[in-house]
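Chemist: Could you look at this predicted model? Sequence included:
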Amino acid sequence: MADVATKNPVEDEVKKTEASSLVGKLETDVEIKASADKFHHMFAGKPHHVSKASPGNIQSYGEAKVAKERIEAVEPDKNLITFRVIEGDLMKEYKSFVITIQVTPKHGGPGSIVHWHLEYEKISQEVAHPETLLQFCVEVSKEIDEHLLAEEEEVKTTETPSLVGKLETDVEIKASAEKFHHMFAGKPHHVSKASPGNIQGCDLHEGDWGKVGSIVFWNYVHGKSILYKSSYGEAKVAKERIEAVDPDKNLITFRVIEGDLMKEYKSFLLTIQVTPKHGGPGSIVHWHLEYEKISEEVAHPETLLQFCVEVSKEIDEHLLAEE
């Protein structure tokens, strides 16, 4: 009992407070003109090129310092990478130091936002918080941005126009994400009932509905006037293989392997992903077309993207009517 009585709860509280004050976080955002993918790739795919982009900060000037880091996390879909410092000069002042870099495309315009997140624990109260390192990260970001933009200009002047392309669009609908996704993953043969002016039919040639590797055959009408949905157009066909299905993300990808599109494109992939709207009912249908044209004379498939928008809206009306 005497030992218990000697404990001082006030002292314990102070120790906890002091220990927690050694732990810190610093964050900043840097606006850049380069794409999120390209900036992320500088750290995830070719970090050895960062010194070329920012020679004044990496390797050349100021007090020479070193850092040995382990990659803790990489998320290509989020353009995110996390490094943990395990050896070097920082470890003289910090028990732990983790740096996360995430790049997101800017809303409503070109360019991106680079978000730097430093999380650390100091070895003592005498050690300063690493504000100067955060400023260092800002400077490196800006120089990498200039480097990437210069590379883009060089490519524009030396490369022939690419035959490879991507088109994307979002369609706002009132139906749920799961129900819309199920129209393509579970019962695509019902799409013709929902959008008869665009889709004439869908048959299963191999496998099972909604399963990777299965082959489906579409009859559709494309190239018509949008003013007369069911009256004009050219009957076309597409034989497609299901490349990917992710029910948790309401995502499905089709690869065109035969049909009219193969007369103009070496490859053609369509990905449909549906996500619930934030803060309200309804969903967003994201269409992603990825393709390679057989020649420069072939047009980019903007009309097919508009076709996808029309089909989305008619499926939405059909699903709401079923409810």
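Modeler: Structure's in. What do you need?

Chemist: mind giving me the domain ranges of the chain?
Modeler: Following the assignment in automatic domain parsing, the chain carries domains at 7-158, 164-322.

Chemist: could you dump those to CSV with mean pLDDT?
Modeler: Below are the domains of the chain laid out as CSV (pLDDT from 0 to 100):
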stretch, mean pLDDT
domain 7-158, 83
domain 164-322, 89
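
Chemist: Kindly compare burial across those domains and name the winner.
Modeler: domain 164-322 (a mean of 16; mean count of other C-beta atoms under 10 Å). Just so you know, the C-beta spots here come from the backbone N, C-alpha and C atoms, and that holds for glycine as well.

Chemist: And it, end to end?
Modeler: Using C-alpha to C-alpha, to the nearest Å, the end-to-end distance of domain 164-322 comes to 40 Å.

Chemist: Stretch 51-69 now?
Modeler: The first residue of stretch 51-69 is 16 Å away from its last residue (C-alpha to C-alpha).

Chemist: Please apply the same query to stretch 195-212.
Modeler: For stretch 195-212, the end-to-end distance is 24 Å (C-alpha to C-alpha).

Chemist: Please name the residues that touch residue 127.
Modeler: 93-94 (C-beta atoms under 8 Å, 6 or more residues apart in numbering).

Chemist: what about it, is that helix, strand or coil?
Modeler: coil (DSSP: H, G, I helix; E, B strand; the rest coil).

Chemist: cool, and residue 139?
Modeler: Following three-state DSSP, the label given to residue 139 is helix.

Chemist: so it makes contact with residue 30?
Modeler: No - in this structure, residue 139 is not within contact of residue 30 by C-beta atoms under 8 Å, at 9.3 Å.

Chemist: Return the distance of stretch 198-215 from the chain's centre.
Modeler: The chain centroid and the centroid of stretch 198-215 are separated by 27 Å under C-alpha atoms, centre = their mean, to the nearest Å.

Chemist: Identify the residues contacting that stretch?
Modeler: 185-189, 191-192, 216-222, 229, 235, 239-245, 252, 257, 307, 310-311, 314.

Chemist: Show me those residues that map onto helices.
Modeler: Using DSSP state H, the subset of those located in helices is 185, 191-192, 307, 310-311, 314.

Chemist: Might you report the residue contacts of residue 284?
Modeler: 170-173, 274-275, 277.

Chemist: Let's verify it: helix, strand, or coil?
Modeler: Classification of residue 284 using three-state DSSP returns strand.

Chemist: That one pairs with what?
Modeler: According to DSSP bridges, the partner residues bridging residue 284 are residue 172, residue 275.

Chemist: What backbone torsions are found at residue 110?
Modeler: Main-chain torsions, residue 110, degrees, to the nearest 10: phi -70, psi 170.

Chemist: What distance do you get for it to residue 116?
Modeler: Noted for residue 110: a distance of 21 Å to residue 116, by C-beta to C-beta, to the nearest Å.

Chemist: element containing residue 297?
Modeler: Secondary structure from DSSP states H and E places residue 297 outside every helix and strand.

Chemist: Apologies, that question was intended for residue 120.
Modeler: Under the criterion of DSSP H and E, residue 120 resides in strand 112-122.

Chemist: With distance to residue 80 added, can I get the ones in helices among the contacts of stretch 198-215 in CSV?
Modeler: Compiled in CSV, the ones in helices among the contacts of stretch 198-215 are given as follows (distance: C-beta to C-beta, whole Å):
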residue, distance to residue 80
185, 28
191, 36
192, 41
307, 34
310, 35
311, 33
314, 37
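
Chemist: and which of these is nearest to residue 135?
Modeler: Nearest to residue 135 among these: residue 185, at 48.9 Å, using C-beta to C-beta.

Chemist: Hmm, the closest one is touching residue 245, no?
Modeler: Yes - if you go by C-beta under 8 Å, residue 185 and residue 245 touch, sitting 5.9 Å apart.

Chemist: shared neighbours, these two?
Modeler: Shared contacts of residue 185 and residue 245, counting by C-beta under 8 Å, 6+ apart, come down to 210, 252.

Chemist: returning to that earlier point: which of the contacts of stretch 198-215 fall in strands?
Modeler: Using DSSP state E, the members of the contacts of stretch 198-215 that fall within strands are 216-222, 235, 239-245, 252, 257.

Chemist: Identify the bridge partners of residue 81.
Modeler: residue 74, residue 101.

Chemist: Next, work out how far apart it and residue 222 are.
Modeler: 41 Å.

Chemist: Over to residue 50?
Modeler: For residue 50, the distance to residue 222 - C-beta to C-beta - is 46 Å.
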